[in-house]
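**Q** Let's see this in three dimensions:
(one chain, ligands or ions: 1)
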Amino acid sequence: MRAEQPEIATVAVLGAGTMGHGIAEVTAIAGYDVVLRDIEADIVEDGYDEIEWSLEKLAEKGRLDEDPDDVAARVATTTDLEAAVSDADLVIEAGPEQLSVKQDIFESVDAAAPEDALLATNSSSLSITEIAAATERPDSVLGLHFFNPPVKMDLVEVIYGKATTDETAQRGYEFVESLGKTPIYVRKDVRGFVVNSVLGPFMSEPAWMVSAGEATIRQADAAMVHERGYPMGPFELGDLTGIDIGYHVRTEAGRPVPPIMAEKVENENLGRKTGKGYYDYDDGGGPEYVPEDAKGFDHLRVEAVMANEAAKLVGDDVATAEAIDTGMRLGAGFPEGTCRRADDIGLDNILEKLRKLRDEHGDDRYEPAEYLVDLVAAGHTGTEAGQGFHEYDNGDGPGDYHTINWELDDDGLLEVELDRPSRMNAISETLADEVVDLLSSVDEDDVRAVVFEGAGERAFSAGADISGFADRDPAQTSEPTKVFTTVAEYPRPTLARIDGYCLGAGLELALACDLRLATTNSEFGFPEITLGLLPGGGGTQRAIRMLTDARAKELVFRGEHISAERAADWGLINRAVDADEFDDVVEEFVSDLVSGPPIALRKAKRVMNEGADESLDAGLEMESQAFALLLTTDDVAEGTAAFAADREPEFEGK
Ligand SMILES: C/C=C/C(=O)SCCNC(=O)CCNC(=O)[C@H](O)C(C)(C)COP(=O)(O)OP(=O)(O)OC[C@H]1O[C@@H](n2cnc3c(N)ncnc32)[C@H](O)[C@@H]1OP(=O)(O)O
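**A** Residues are numbered from 1 along each chain as shown. As a prediction, this is how the structure comes out:
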């Protein structure tokens, strides 16, 4: 291991194509100096122009903290590889996906880059070990696999080659974090790494089924999108990425190719790029499936093979279940991680399905992974058993959550972060259940106030998760208002800290809180009406009680967004605050809430919420009873004593 490694300051990006210029852009946005290099001047200039264009777009949308020209000024361009890497602390190669080309580049980089530089490849499919073999320092080589487009996609796979040291991987991981992106470790150099390994069966298993006449293309796409909530159908995705890509990955790995895939490649119907693939884009309307097409599709078969792939990755120590789930959510836009979903289905059901398929088809790909067999044998069959790929709540306290993060500090501040930034923190059933579980299981006596916020920089929450909405069976949807009622009735003050979109169910969650603070960048609205719905999480009722009749109906009937200033003016939120003062204002509110008298705050919340729906007399009666009760508390003695002594009170909630 080398001694001190330098801080990364300068990054060379080799290759100015889509991935290269995207990586250069996010790196420059994060404040690094970047040298963008390609073999010809016009390619580099095109890449630079793309960066400038994209930075302007980000600035127009208010998603850049700096002037776009200042960011672009950190990107230098060159065609000289040696000049590009000679001062670099990190080199990221984003050239063509051909091993010999990448090896040539790495050989040259090895000769010209500083001895302690980190050397990364953005390869999505080649072996990191084989690329690293072109250098004299394979221990400093790693994969940093960004997803397309890097500006939009949060995930980066940090991949070990055989010789990569932990220190190298950790530096890569920290660099990715410094970009504001989410890294996951891929600890072995397996084909497809994590995301593409699990995506493989998502696309190939339906292709086997269609090839055998067991399903149709539309049926598979409709089922996976409308019944299982995936952002795109497997065939639609194949057309988008190119059918030849999947074909080559399989043939190079020596794996059999589903006949329908082979046939499309032979006829050069490769998908969108050739105008025809599984769907017709030239003469037809592309993917045209509707929810009714889904009927009878065996989606368990597809999800079982995907779960098996995930089990192989965990069992072979390639990635943790946590990393796989993060990867599938952020890299493939899956509504939830593959391991998490398998736990919900039940690992025993998945194992049984695989064994049945193996017996029926006699095919190796159904051979259950040892890790899966072991989990089931140990009784770790998933969510219901309390343990599967993941551990779940055993009823003793807050569980292991996947869509929220939370922290309870010594002052009693419970911070809850909605953590689905790639979906604008949309409220899925899982997320709603996790918030309910957290609030019901965390020890109330330890909590003095709750703050809700959204992860990422774009949204508090853009509403209920729309994926698969059209096909949801109302009878099977968990009670839609439960999370909002739980938050509204939580016996501690609650505050929504809003920075960005606050829409639909996101606004309903915010309205269920007692207080709402927002940056002036935030936008509010109930777009449900544009979907043929109404705000069904208490939005119509809370809005009409909070606002004038006309304003509430404007919000609900028109579905338009309103600015934070207008929301403050209307009384929908407490304050709209400039971004640079926001943290301070939130802190002032929070500090009053956590240091306030807990019993008086709880009583005040209750009589205000419940009294508002009663007659004035009934409300006044509730208030006076609460007042009398508070007179008997130690807190009131402390409050009055502190006032007399001119000191800050220390309320203990007694
Ligand atoms: C009872 C309650 C019912 C409801 O709450 S119904 C839902 C009401 N909410 C909405 O209708 C808002 C839907 N979202 C939007 O209109 C837009 O988004 C925004 C205006 C918030 C932002 O637009 P832009 O900047 O262009 O981003 P983007 O590409 O649309 O969104 C980024 C990714 O986030 C996903 N996403 C956004 N909102 C939701 C949602 N509510 N449910 C599920 N996914 C959502 C998108 O699809 C996309 O994902 P990808 O990158 O994979 O294309």
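
**Q** contacting residues around stretch 165-173?
**A** 1-2, 5, 8, 118, 120, 139-142, 144, 158, 160, 183, 185 (Cβ atoms under 8 Å, 6 or more residues apart in numbering). To be clear about C-beta, it is placed using only N, CA and C from the backbone, and glycine gets the same treatment.

**Q** The ligand contacts on the protein?
**A** Within the chain, the positions near the ligand by Cβ under 6 Å from any ligand atom are 231, 333, 423-424, 426, 462-467, 480, 501, 503-505, 527-528, 531, 533, 535-537.

**Q** Can you select the buried ones among these for me in ChimeraX?
**A** Buried residues within these, by 16 or more other Cβ atoms under 10 Å, are selected in ChimeraX with:
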select :333,423,424,426,462,463,464,465,467,480,501,503,504,505,527,528,533,535,536,537
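
**Q** Among the residues of the chain next to the ligand, which ones are in helices?
**A** Among these, the subset assigned to helices under DSSP state H consists of residue 505.

**Q** So which of the residues of the chain next to the ligand sit within strands?
**A** Counting by DSSP state E, the members of these that fall within strands are 501, 503.

**Q** Give me the buried entries from the contacts of stretch 165-173.
**A** 5, 8, 118, 120, 139-142, 144, 158, 160, 183, 185.

**Q** export these to JSON lines and tack on pLDDT, distance to residue 219 and secondary structure?
**A** Below are the buried ones among the contacts of stretch 165-173 laid out as JSON lines (pLDDT from 0 to 100; distance: Cβ to Cβ, whole Å; DSSP: H, G, I helix; E, B strand; the rest coil):
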{"residue": "5", "pLDDT": "58", "distance to residue 219": "53", "secondary structure": "coil"}
{"residue": "8", "pLDDT": "94", "distance to residue 219": "49", "secondary structure": "coil"}
{"residue": "118", "pLDDT": "97", "distance to residue 219": "47", "secondary structure": "strand"}
{"residue": "120", "pLDDT": "98", "distance to residue 219": "42", "secondary structure": "strand"}
{"residue": "139", "pLDDT": "97", "distance to residue 219": "50", "secondary structure": "helix"}
{"residue": "140", "pLDDT": "97", "distance to residue 219": "49", "secondary structure": "helix"}
{"residue": "141", "pLDDT": "98", "distance to residue 219": "45", "secondary structure": "strand"}
{"residue": "142", "pLDDT": "98", "distance to residue 219": "42", "secondary structure": "strand"}
{"residue": "144", "pLDDT": "98", "distance to residue 219": "38", "secondary structure": "strand"}
{"residue": "158", "pLDDT": "98", "distance to residue 219": "38", "secondary structure": "strand"}
{"residue": "160", "pLDDT": "97", "distance to residue 219": "40", "secondary structure": "strand"}
{"residue": "183", "pLDDT": "96", "distance to residue 219": "37", "secondary structure": "strand"}
{"residue": "185", "pLDDT": "97", "distance to residue 219": "37", "secondary structure": "strand"}
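
**Q** and which of the contacts of stretch 165-173 is nearest to the ligand?
**A** Taking Cβ to the nearest ligand atom as the measure, the ligand lies nearest residue 183 of those, at 18.9 Å.

**Q** Residue 159 is in contact with the closest one, correct?
**A** No: applying Cβ atoms under 8 Å, one finds residue 183 not in contact with residue 159, separated by 10.3 Å.
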